[in-house]
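J.: I'd like to go over a predicted model; first the sequence, then the structure.
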Protein chains: 2
Amino acid sequence: MDDPQGHAYLQIGEAADRAQLTQRTLRYYEEKGLLNPPTRMDGGFRLYSADDMERIDRIRQLKELLGFSLADIKEMIESDDVRLQIRAEWRSDADTAEKAEQIRRAREVTLQQIGLLDAKMHKMNAMRETLAERIEKYDSWLLERAPQNAKK
Amino acid sequence: MDDPQGHAYLQIGEAADRAQLTQRTLRYYEEKGLLNPPTRMDGGFRLYSADDMERIDRIRQLKELLGFSLADIKEMIESDDVRLQIRAEWRSDADTAEKAEQIRRAREVTLQQIGLLDAKMHKMNAMRETLAERIEKYDSWLLERAPQNAKK
DNA sequence: AATTACCTTGACGTGCGCGTTAACGTTGCT
DNA sequence: AGCAACGTTAACGCGCACGTCAAGGTAATT
């Protein structure tokens, strides 16, 4: 069996389970261009690599955590492709200057994402504070007019 | 004109503008039970109070910031009603023990919301770190193999 | 060779969160 | 009294992000 450590490729069922998504969703993401078409086995079954899985998880984070639309996400994760190219160490030593330009673009996109995260976290902090204040009001009320209380 | 300081009631147009929502959306929220029906003027026009506006904003935050569905939000903001009752200083001095119980429930709900916020912010922080690492990789790559670069 | 489990591509259906249009009533101003 | 600006309900429409069949092919087990 070709499987040194921890199966390197997953077919869609396992992939979906691990990503906490449905098979339909994975196919849908592929169809929408969010995932580059995974390799297939002879019979046509999809095989997801570890990189694919990473990407799937990023998509889920961007969606669930930040609430972006798939269209938004599609634009955002183009920087991931650049990262994969970096990993390949430029075996295809094409125009280095052009590649550098790509990297710079990817850097920009990533910076923007960090900015979005910061902005959102800032707002969430503000919201957290008003909620905390609310708790205090509840507590003081309970102290003032409902001295001892049973836990029911 | 009955308007001591800053008009206390807004009709739907102004309300929508200030909340950065559409009139349709406000009516929809009301229809879905997220907003308690605002008072109306004789002709039937809706009049939104400051409390209404506060609530509308909370709904927007829960939706846009945290990405909850309207159904989720509906459950969550029941604690707001309790807060309004608190504000009314218990003019209707009904069963105090029962009210205290309501407050405790509202407190619980609010605590849960804070918990959700914290969890989400924690995840976002993790995501932020991986993005920051990515930036570093880009930078080191650029330093290594693309020494001097024009800004285009 | 058969069974079972897993996969494939369509294609239609669905719930949410509104947008839009239609037909009509109200308010405020002149 | 007339007009423009603003509001009302009701109903249909729509894009997104999938869910859910249907009809069939492939893989692994026995």
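T.: On my side now, so go ahead.

J.: So is the strand or helix carrying A:E75 next to DNA strand D?
T.: Element membership for A:E75 (DSSP states H and E) is helix A:70-76. Yes - using CB under 7 Å from any atom of the strand, helix A:70-76 reaches DNA strand D at A:70-71. Glycine gets a C-beta too; all of them are placed from N, C-alpha and C.

J.: List the buried residues of that helix.
T.: For helix A:70-76, the neighbour count (16 or more other CB atoms under 10 Å in any protein chain shown) marks A:73-74, A:76 as buried.

J.: Just list what the one helix or strand in chain A whose mean pLDDT sits lowest packs against, helices and strands only.
T.: In chain A, no helix or strand scores lower on mean pLDDT, DSSP states H and E than helix A:78-87, which sits at a mean of 76. Contacting helix A:78-87 under the criterion 3 or more CB pairs under 8 Å, 6 or more residues apart in numbering or on different chains; DSSP states H and E are the following elements: helix A:50-60, helix A:96-145, helix B:96-145.

J.: CA atoms only for that helix, dumped as CSV, please.
T.: The C-alpha trace of helix A:78-87 is given here as CSV (Å, rounded to 0.1, in the frame of the first residue of the first chain):
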residue,chain,number,x,y,z
GLU,A,78,-5.6,33.9,-5.0
SER,A,79,-2.7,34.7,-2.9
ASP,A,80,-2.7,31.1,-1.7
ASP,A,81,-1.8,30.0,-5.2
VAL,A,82,1.3,32.2,-5.0
ARG,A,83,2.2,30.5,-1.8
LEU,A,84,2.1,27.1,-3.4
GLN,A,85,4.3,28.4,-6.1
ILE,A,86,6.8,29.6,-3.5
ARG,A,87,6.7,26.1,-2.0
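
J.: And the pLDDT for the residue in chain A that DNA strand D sits nearest to?
T.: In chain A, the residue that lies nearest DNA strand D is A:G43 (2.0 Å; CB to the nearest atom of the strand). pLDDT recorded at A:G43 is 97.
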